[in-house]
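[1] Sequence plus the predicted model coming up.
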Amino acid sequence: MNRPFQITIILSLLLGMISCGSNDDKPVKNWPEPRERQDISKFKEVPLTLLPYVDKRGDDTFTTDEKYPYSISLDLDTFAGKVAVFGAAYQLWLGPKGWSGRAETVPEGTIHVWLHPAADSSGTGSGITYTEMPSCRGCIVAAAAPFFAEAKKTYNKAGNENPALKAPVGLTIEQVSPSLVIYRLPERSGLQTIGVAQYLAQDSVNDAYFLEAKFTMPAEQKALAEFFVKKFVEMRELH
């Protein structure tokens, strides 16, 4: 037997002995890192308040018997006791505790929700507005144009069919993604405004879509307004 062949046999035997070793020598399986457990102590049950709602579509797809939850569980962080959940247009909306409001769905399908302090429904002070447009492409483009360059370009292409676009004075925009922005307006009369908007342009498969939540609240409640923006983005899974 020649020497190279002997060496090959010896190496094969050694490798076989190693592979037959104890379980301690076997490679350890790489399990995924354990997920950080969510701190449920911050979650609070918030009772639901139903708002007066009018559906102007004449569509019986939705009925007044539609069920809402009695309450929902929210991570309120430091705002426990300051947050209310409102039910309207078969969806859930956030606002300050003690506020009131109303909602409607207009014939083309746009949903409007208005929230205000219980003692002030004038529309000139603190207020929250939610607007959801699932149809009416022209309406959607006009609403999105102040916030999204693509919508502005489409709006301006219409030429004389549309009035000159006027963005709110002092508007600043933070682009979160191509379809999502957070915007702010300068403080006026002790009130500050922060909002979030989503715009999805029409394509070969889907219609255009626009969603906006606008929070106008006293400057000293800035943190609460920003909390509402954050929670609205989370609840709607906006991106």
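    All right, it came through fine.

[2] All the strands of the protein, residue numbers only.
    43-50, 53-55, 71-75, 83-88, 91-96, 99-105, 111-117, 127-133, 172-177, 180-188, 191-200, 209-218 (DSSP state E).

[3] what lines up beside the first one in the sheet?
    Each strand pairing with strand 43-50, determined using DSSP bridges, is listed with its direction: strand 71-75 (antiparallel), strand 83-88 (parallel).

[4] what comes up buried for the shortest one?
    By that I understand strand 71-75. Using 16 or more other Cβ atoms under 10 Å as the test for burial, strand 71-75 gives 72, 74. Backbone N, C-alpha and C define where each C-beta goes, glycine included.

[5] What lies in contact with that strand?
    Strand 71-75 is contacted by residues 42-48, 83, 85, 92, 231 when judged by Cβ atoms under 8 Å, 6 or more residues apart in numbering.

[6] tell me the angle of it relative to strand 91-96?
    Interaxial angle of strand 71-75 relative to strand 91-96 (axes from the mean of the first three to the mean of the last three Cα atoms, to 10 degrees): 60 degrees.

[7] Repeat that for the longest one.
    An angle of 150 degrees separates the directions of strand 83-88 and strand 91-96 when computed by the same axes, to 10 degrees.

[8] Give me the buried positions along strand 83-88.
    83-88.

[9] hang on, the earlier thing: distance to Glu226 and mean pLDDT added to the strands of the chain, as a markdown table?
    What follows is the strands of the chain, written out as a markdown table (distance: least, Cβ to Cβ, whole Å; pLDDT from 0 to 100):
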| stretch | distance to Glu226 | mean pLDDT |
| --- | --- | --- |
| strand 43-50 | 18 | 90 |
| strand 53-55 | 28 | 90 |
| strand 71-75 | 15 | 89 |
| strand 83-88 | 13 | 94 |
| strand 91-96 | 12 | 96 |
| strand 99-105 | 17 | 95 |
| strand 111-117 | 17 | 97 |
| strand 127-133 | 13 | 98 |
| strand 172-177 | 12 | 97 |
| strand 180-188 | 9 | 97 |
| strand 191-200 | 6 | 98 |
| strand 209-218 | 8 | 98 |
